[in-house]
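**Student:** Turn this into a structure:
(one chain, ligands or ions: 1)
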Amino acid sequence: MSTSDPAGDVVVHPDADVLAAATAARLITTLADVQARKGSASVVLTGGGTGIALLEHVRRSPARDAVDWSRLDVFWGDERFVPADDPERNDKQAREALLDHVPVDPARVHAMAASDGEFGDDPDAAAEAYARVLADVADGEHGTGAAVPAFDVLMLGLGGEGHTASIFPDSPAAHEARRSVVAVRNCPKPPPTRVSLTFPALRRADQVWLITAGEAKAEAVGRAHRGAGEVELPVAGARGTSRTLWLLDTAAAADLPWSRHV
Ligand SMILES: O=C(O)[C@H](O)[C@@H](O)[C@H](O)[C@H](O)COP(=O)(O)O
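**Tutor:** As a prediction, the model looks like this:
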């Protein structure tokens, strides 16, 4: 069932597993459609339980190879700034769930630096480097000097207090209006140090999908649909240029305004 309003379209699924499986199917068909139209596609992955669960469903899907994995650019919306082999790494979890099982072009998988990588334990340097990667890919795509590619699908989870990517309420990242990628410190959600895309980068995406499940997220979802601002509720600031899609289970949709009830 689905409805639409300024905060975006809402699709509600019965439970977290159906949400992950249905979103996996949606991702496969969306990327295949984009590739049929443009010849290639780009996706921004998210960390978190729901974000990784949907990648596992993509891996298991019989329709998986409707996507030409060799013509897909893969990015992350945020990353935990820990050593590369730390199980907390979003890219490590995404590779185990999907990317190591499909023929992606390694040169088109753009992971954020780890804390034991080329920039050492300097998350600001890692953030600046990722901003350069985004600018290089964008320039190659559009030749317009854009700082960030127009991502085809950007997927995000959200926290119960309204964070998305690693943009937390009333944090410096929530106020960042210029840079595309920033270091984030003292995060309430461990690990404490991260690298994250900012609102200017998130809002370059054609489609933003906000994917979440569980009653713990219901209040944040409801606040986003009642006009909360992006500094107090960062997920409210994640909007696509052509579509913002909320993909929820019934529990996470419980506090939607009645006008949105589906
Ligand atoms: O690196 C991260 O932690 C994520 O990017 C973060 O934004 C996550 O998506 C939400 O916290 C939801 O996580 P859950 O789906 O596990 O609740």
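
**Student:** Contacts only, for the residue nearest to residue 63 when sequence neighbours are not counted.
**Tutor:** Counting by CB to CB, 6 or more residues apart in numbering, residue 28 is the residue found nearest to residue 63 once chain neighbours are left out, at 5.1 Å. Just so you know, the C-beta spots here come from the backbone N, C-alpha and C atoms, and that holds for glycine as well. Residue 28 makes contact with 58, 61, 63-64, 66-67 under the criterion CB atoms under 8 Å, 6 or more residues apart in numbering.

**Student:** closest to residue 140 among the residues you listed?
**Tutor:** Residue 140 lies nearest to residue 67 out of those, by CB to CB, at 20.8 Å.

**Student:** Would you confirm that that closest one contacts residue 32?
**Tutor:** Yes. Counting by CB atoms under 8 Å, residue 32 is a contact partner of residue 67 at 5.6 Å.

**Student:** Pick out whichever of those two has more residues nearby.
**Tutor:** Set residue 67 next to residue 32 and count neighbours by other CB atoms under 10 Å: residue 67 wins out with 23 against 16.

**Student:** For the more buried one, give its distance to residue 103.
**Tutor:** 10 Å (CB to CB, to the nearest Å).

**Student:** ok, back up a step: got JSON lines for the contacts of residue 28, with pLDDT too?
**Tutor:** Below are those laid out as JSON lines (pLDDT from 0 to 100):
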{"residue": "58", "pLDDT": "98"}
{"residue": "61", "pLDDT": "98"}
{"residue": "63", "pLDDT": "98"}
{"residue": "64", "pLDDT": "98"}
{"residue": "66", "pLDDT": "98"}
{"residue": "67", "pLDDT": "98"}
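
**Student:** Hmm, residue 231 is touching residue 174, no?
**Tutor:** Yes. The pair residue 231 and residue 174 passes the contact test of CB under 8 Å, sitting 4.7 Å apart.

**Student:** More neighbours: those two, which one.
**Tutor:** residue 174 (21 against 16).

**Student:** which element is that one on?
**Tutor:** Element membership for residue 174, per DSSP states H and E: helix 172-175.

**Student:** For that helix, give me every contacting residue.
**Tutor:** Contacts of helix 172-175 (CB under 8 Å, 6+ apart): 166-168, 182, 184, 196, 198-199, 230-231, 234, 237.

**Student:** How about residue 101: what's its closest non-neighbour residue?
**Tutor:** What sits nearest to residue 101 in space, not counting adjacent residues and going by CB to CB, 6+ apart, is residue 59, at 5.1 Å.

**Student:** quick one: what helix or strand has that neighbour in it?
**Tutor:** Using DSSP H and E, residue 59 sits within helix 49-60.

**Student:** same check, this time on residue 133
**Tutor:** Using DSSP H and E, residue 133 falls within helix 123-142.

**Student:** Mind giving me the packing neighbours of that helix?
**Tutor:** Helix 123-142 makes packing contacts with strand 181-184, strand 194-197 when contacts are defined by 3 or more CB pairs under 8 Å, 6 or more residues apart in numbering; DSSP states H and E.

**Student:** And the first one, how far out from the chain middle?
**Tutor:** Distance of strand 181-184 from its chain centroid, counting by CA atoms, centre = their mean, to the nearest Å, is 15 Å.

**Student:** In stretch 197-205, which residues are buried?
**Tutor:** For stretch 197-205, a neighbour-count test (16 or more other CB atoms under 10 Å) marks 197-199, 201-205 as buried.
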